[in-house]
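Enquirer: sequence-free structure coming up:
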Ligand code: HAS
Ligand code: CU
């Protein structure tokens, strides 16, 4: 008898499938725009006007960093909670309700951004995915964001309700690991989205509606980054969940340590939020001391990822040795490299190790001055969210889509080629971006070639860097197309009896070895809140003290830029004045 997820939870499988397809659609559109940008910036192919570059960049950032990732996440967490508690969601109407809210939010945001290039839509939202003042979008953009975020809050409530229902039937049992991961992640999501919700509802939305004349830009930046760092772990945690509960099994073994995995997720709950100021090392108006505190917290926050590297690789080694692998490194050969699900996730992990190093460099207050606002940062986040997360999700889809549809993957070999092409493409693109940042090539700009000025790399040339970025971006687009083709063809196929059972990895050291206090979610949430209060009360108070809630009278930019750089310079001067 087949025992796939769709056989166990047919109704939930439908929601997850819908969430995955929403995610893939965002990936398809957002990813294609990435190619447009890369070719424009590198001057290989320019089919848009420079101002449209910022509309495209906003769509790329929002659709990939927010829509693609979070729709996939709600699917994965719904799978993790229901599978590990072995029970369905409490009320499917509620579930469809939050899913619909996320969809409506995305459509509003998408249409308001599209208005930037389509004259028939009287809106624009060329504000990038970081949407803080003084850039000002149409109010619909903020309303869409609010709907989307409230949708995710309700999704979290859905997982909590399901867990509480399970808890009353199983009062003495430990929280199963995947549910523990989903709940701790949801808790820090609630904590961090509070900042951005306050910023939108109290400042940005009234400002875009003309109810207040101005806002304090530094305040909106700080509230954005209060959320904007934690959100990166919101993207990462579902990938980590898959590395912990799927990779060991795919490797043929067991998870090395369940207690260590719990410690890791507790650390993310504690430290994801009080670190956001590491995105603002160069912001004037925040005292160095507060930046130093954020840096210290960030360095502590490396620990859970280092623990993850250890635990996940140890579990893979255990699996490889079960499969007959031997030697110090020889066991690597015994891993199932022909399986696209395994190989995609393992390569994503490998790239994340490199991403961790560039993250450490970003996090150092003094060395950050070298790389801030350069292409280095873009290289960093294409390894993190663009590979550790995106490649893990794509690889996971090769396992999940059969689980939630009951259909066999259309072409496994193509899946393997796809994950390899992503790895190679990203190696070219992100390495070149990192290098170029070191000699000052800026990010977020359509035309990085300036008159009477040439970038001077210590090794190589700007032409070679651009060629690598264009080549990398092209390979990534090919990989993306192969992925989507495989998904569409799989969905068009018929039902199959060959779907593997819906299970996840067992553990070498199980929850019984973990101190009970680790499952005390109230305690960790309380400590996380206290840490946030410590890290943010004084900086926020001094920002408001210096600039007021509604700011020192700065006008917003409706970014329908009419003129060239002179206009921009003039505007920047006004802001500074
Ligand atoms: Fe970051 C900027 C610091 C992680 C995303 N980051 C960004 C931006 C994004 C982003 C999008 O401190 C740009 C935002 C913007 O638009 O301005 N980041 C860090 C640090 C970490 C880090 C310290 N970032 C991430 C993750 C992201 C992400 C995760 C998305 C998912 N980042 C920064 C800073 C900035 C920044 C500054 C601001 C820079 C500026 O000036 O603007 C750490 O969490 C990284 C820890 C990671 C490790 C690696 C552990 C290795 C593992 C691999 C195991 C291997 C396996 C495979 C499983 C220590 C877990 C084995 C395979 C075999 C075959 C054996
Ligand atoms: Cu960060």
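Expert: Alright, I've got the coordinates. Since this is a predicted model, take the numbers as computed values, not measurements. Residues are numbered from 1 along each chain as shown. Ligands and ions are numbered 1, 2, ... in the order given.
Enquirer: find me the pLDDT at the residue of the stretch 351-500 of the chain found nearest ligand 1, would you?
Expert: When scored by C-beta to the nearest ligand atom, the stretch 351-500 of the chain has residue 356 as its residue closest to ligand 1, at 2.3 Å. C-betas here are computed from N, CA, C, even on glycine. Looking at residue 356, its pLDDT stands at 97.
Enquirer: number of residues surrounding it?
Expert: The number of residues packed near residue 356 is 18, by other C-beta atoms under 10 Å.
Enquirer: check contacts around it.
Expert: If you count contacts by C-beta atoms under 8 Å, 6 or more residues apart in numbering, residue 356 has them with 302, 305-306, 309.
Enquirer: what do you get if the cut-off is 7 Å, keeping everything else the same?
Expert: Residue 356 sits next to residue 305 when contact means C-beta atoms under 7 Å, 6 or more residues apart in numbering.
Enquirer: and residue 298, by the same measure?
Expert: 275, 278, 363 are the contacts of residue 298 under C-beta under 7 Å, 6+ apart.
Enquirer: can you check residue 305 too?
Expert: For residue 305, the contact set (C-beta under 7 Å, 6+ apart) comprises residue 356.
Enquirer: please identify the helix or strand for it.
Expert: helix 288-322 (DSSP states H and E).
Enquirer: what helix or strand is the closest residue to residue 386 other than its chain neighbours located in?
Expert: Nearest non-adjacent residue to residue 386, counting by C-beta to C-beta, 6 or more residues apart in numbering: residue 426, 6.8 Å away. Per DSSP H and E, residue 426 falls inside helix 412-438.
Enquirer: so the residue nearest in space to the middle of the chain, which of the three states?
Expert: Against the mean C-alpha coordinate of the chain, by C-alpha atoms, centre = their mean, the closest residue is residue 235 at 3.3 Å. When classified by DSSP: H, G, I helix; E, B strand; the rest coil, residue 235 comes out as helix.
Enquirer: do you know how far it is from residue 145?
Expert: Shown here: residue 235 relative to residue 145, a distance of 16 Å by C-beta to C-beta, to the nearest Å.
Enquirer: ditto for residue 47
Expert: With C-beta to C-beta as the criterion, residue 47 and residue 145 are 29 Å apart.
Enquirer: comparing the two, which shows the higher neighbour count?
Expert: Between residue 47 and residue 145, residue 145 has the larger neighbour count (other C-beta under 10 Å), namely 25 against 8.
Enquirer: who touches the more buried one in this structure?
Expert: Neighbours of residue 145 in contact, by C-beta under 7 Å, 6+ apart: 105, 109, 200.
Enquirer: cool, residue 244 as well?
Expert: For residue 244, the contact set (C-beta under 7 Å, 6+ apart) comprises 255, 261, 312.
Enquirer: surely the second one and residue 311 touch.
Expert: Yes: using C-beta atoms under 7 Å, residue 261 is in contact with residue 311, at 6.4 Å.
Enquirer: when these two are compared, which one has more neighbours?
Expert: residue 261 (31 against 22).
Enquirer: that one and ligand 1: what is the separation?
Expert: The spacing between residue 261 and ligand 1, counted by C-beta to the nearest ligand atom, to the nearest Å, is 12 Å.
Enquirer: show the pLDDT at that residue.
Expert: Looking at residue 261, its pLDDT reads 98.
Enquirer: do the one 4 residues further on as well
Expert: Residue 265 is assigned a pLDDT of 98 by the prediction.
Enquirer: which element is it on?
Expert: Taking DSSP H and E as the criterion, residue 265 maps to helix 258-271.
Enquirer: what packs against that helix?
Expert: helix 177-198, helix 230-245, helix 288-322, helix 521-547 (3 or more C-beta pairs under 7 Å, 6 or more residues apart in numbering; DSSP states H and E).
Enquirer: residue 21 is nearest to which of those helices?
Expert: Closest approach to residue 21 among the helices and strands packed on helix 258-271 (C-beta to C-beta): helix 230-245, 16.7 Å.
Enquirer: and the closest one with ligand 1, contact?
Expert: Yes: counting by C-beta under 6 Å from any ligand atom, ligand 1 has neighbours in helix 230-245: 232, 235-236, 243.
Enquirer: what's the burial count for residue 403?
Expert: 25.
Enquirer: what's the pLDDT at the residue nearest to residue 85 when sequence neighbours are not counted?
Expert: Nearest residue to residue 85, sequence neighbours excluded (C-beta to C-beta, 6+ apart): residue 166, at 4.4 Å. Note for residue 166: predicted pLDDT of 98.
Enquirer: can you give me the angle the helix or strand where residue 166 lies makes with helix 230-245?
Expert: Using DSSP H and E, residue 166 sits within helix 139-169. Here the directions of helix 139-169 and helix 230-245 differ by 40 degrees (axes from the mean of the first three to the mean of the last three C-alpha atoms, to 10 degrees).
Enquirer: okay, now the residue in the stretch 1-150 of the chain positioned nearest to ligand 1: neighbour count?
Expert: Of all residues in the stretch 1-150 of the chain, the one sitting closest to ligand 1 is residue 130 (5.5 Å; C-beta to the nearest ligand atom). The local packing of residue 130 (other C-beta under 10 Å) involves 16 other residues.
Enquirer: could you pull out the helices in the stretch 1-150 of the chain for me?
Expert: 5-8, 10-41, 50-61, 69-85, 92-114, 139-169 (DSSP state H, counting those that start in this stretch).
Enquirer: just name the most buried of those helices.
Expert: Across the helices of the stretch 1-150 of the chain, averaging neighbours per residue (mean count of other C-beta atoms under 10 Å) puts helix 69-85 on top, at a mean of 25.
Enquirer: still on that earlier bit, go ahead and confirm the residue nearest to residue 85 touches residue 87.
Expert: Yes: counting by C-beta under 7 Å, residue 166 touches residue 87, with 5.7 Å between them.
Enquirer: and the host helix or strand of residue 395, how far out from the chain's middle?
Expert: Per DSSP H and E, residue 395 falls inside helix 390-405. Centroid displacement of helix 390-405 relative to its chain, using C-alpha atoms, centre = their mean, to the nearest Å, is 17 Å.
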